[in-house]
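Visitor: Sharing a model prediction with you, sequence too.
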Amino acid sequence: MIFAPDTQDLRLRRLRRLAATLRLFAELGYDEGAGGHVTVRDPERPDCFWINPFGMYFGHVRVSDLLLVDGGGTVLAGTGRINPAGFVIHSAVHAARPDVVAVAHTHSVHGRAWSTLGRPLDPITQDACAFHDDHAVFDDYTGVVLDREEGDRIAATLAGHKAAILRNHGLLTVGGTVEEAAWWFIAMDRCCQVQLLAEAAGEPVRIDPKEAARTREVIGSPSIGRFNFKPMYEGVVRRQPDLLD
């Protein structure tokens, strides 16, 4: 497939950060067998997105391994298969949210544990305030997501938020860049872990809703998401430079 020269630099930037995100997720233990997927919209063909190959270990993914997929599920560039459930979920979110460039969903341990409760995170820490009134709960588990209609319902539940908790399933985050979607996933999983620990020890004190909203405007902005991902990206590229291949 031939790409336009004027989009090559932006595409390469997105793909490098997508591969780096998968490597980081492997280091953080977010991979689970063949499950989990992260996608980024193509800058030249916004109706298509890049995704990690089905069955490839997150910790081995390189830029050259990523697959370009169209809205019908056809692989346009790269060699390999796509995760059927991943395609259903990500294609629906990308179609419903033109503002979303990247989507992350994996079966992280703490995200899965919290998802079984079927309720949103509470603003019990400064970090959790990033998600205050900015995440949704998809409270309708019906098995592995293979039906386009269910993908559409997940996208509708996500609405304009940066994240969703898929009940009995895990977490999903989005962003205007790969950096944002990746950081919100990492931050949200840690918030799930903190709230599980806090509730196991007692009754957490919630931050006042007005203060939580003000705090969200500071630490929950796209620019902060990008900035927080920057040192993680630089670290994994230094540790694993082959991801750029």
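Guide: Received it, and whenever you're ready, just let me know what you need.
Visitor: Could you list the low-confidence segments of this protein?
Guide: Applying pLDDT under 70 to the chain flags residues 1-5, 143-147.
Visitor: residue ranges for the helices of it, please.
Guide: In the chain, the helices defined using DSSP state H lie at 8-27, 84-96, 109-115, 148-158, 178-201, 209-219, 222-239.
Visitor: now for these, which one comes closest to residue 128?
Guide: Closest to residue 128 of the helices of the chain, according to C-beta to C-beta: helix 178-201, at 4.6 Å. For every residue, glycine as well, the C-beta is placed using N, CA and C.
Visitor: So for the closest one, what gets flagged as buried?
Guide: Under the neighbour-count criterion of 16 or more other C-beta atoms under 10 Å, helix 178-201 has 178-195, 198 buried.
Visitor: can you give me the angle that helix makes with helix 209-219?
Guide: Angle, helix 178-201 to helix 209-219, by axes from the mean of the first three to the mean of the last three C-alpha atoms, to 10 degrees: 140 degrees.
Visitor: chain center to helix 178-201: distance?
Guide: 12 Å (C-alpha atoms, centre = their mean, to the nearest Å).
Visitor: Stretch 47-64 now?
Guide: In terms of C-alpha atoms, centre = their mean, the centre of stretch 47-64 is found 14 Å from the chain centre.
Visitor: what does stretch 69-77 give?
Guide: Offset of stretch 69-77 from its chain centre (C-alpha atoms, centre = their mean): 20 Å.
Visitor: quick one: buried residues of it?
Guide: Per 16+ other C-beta under 10 Å, stretch 69-77 contains these buried residues: residue 69.
Visitor: still on that earlier bit, would a markdown table of the helices of the chain with distance to residue 73 be doable?
Guide: A markdown table is the format used below for the helices of the chain (distance: least, C-beta to C-beta, whole Å):
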| stretch | distance to residue 73 |
| --- | --- |
| helix 8-27 | 19 |
| helix 84-96 | 5 |
| helix 109-115 | 26 |
| helix 148-158 | 10 |
| helix 178-201 | 21 |
| helix 209-219 | 36 |
| helix 222-239 | 29 |
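Visitor: Of all the ones you listed, which one comes closest to residue 37?
Guide: Closest of those to residue 37 is helix 84-96, at 3.4 Å (criterion: C-beta to C-beta).
Visitor: Run through who's touching the closest one.
Guide: Residues outside helix 84-96 that contact it (C-beta atoms under 8 Å, 6 or more residues apart in numbering): 36-37, 39, 41, 49, 51, 54, 69, 71, 73, 100, 103, 105, 144-148, 150-152, 154-156, 158, 172, 174.
Visitor: Select only the buried ones of these in ChimeraX?
Guide: Here is the ChimeraX command that selects only those of the contacts of helix 84-96 that count as buried (16+ other C-beta under 10 Å):
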select :36,37,39,41,49,51,54,69,100,103,105,145,150,151,152,154,155,158,172,174
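Visitor: So which of the contacts of helix 84-96 belong to strands?
Guide: 37, 39, 41, 49, 51, 69, 103, 105, 172, 174 (DSSP state E).
Visitor: Just the closest of these to residue 31, please.
Guide: residue 37 (10.6 Å).
Visitor: Next one: the closest residue to residue 83 other than its chain neighbours from residue 27, what distance?
Guide: Nearest residue to residue 83, sequence neighbours excluded (C-beta to C-beta, 6 or more residues apart in numbering): residue 54, at 4.4 Å. When distance is defined by C-beta to C-beta, to the nearest Å, residue 54 is 21 Å away from residue 27.
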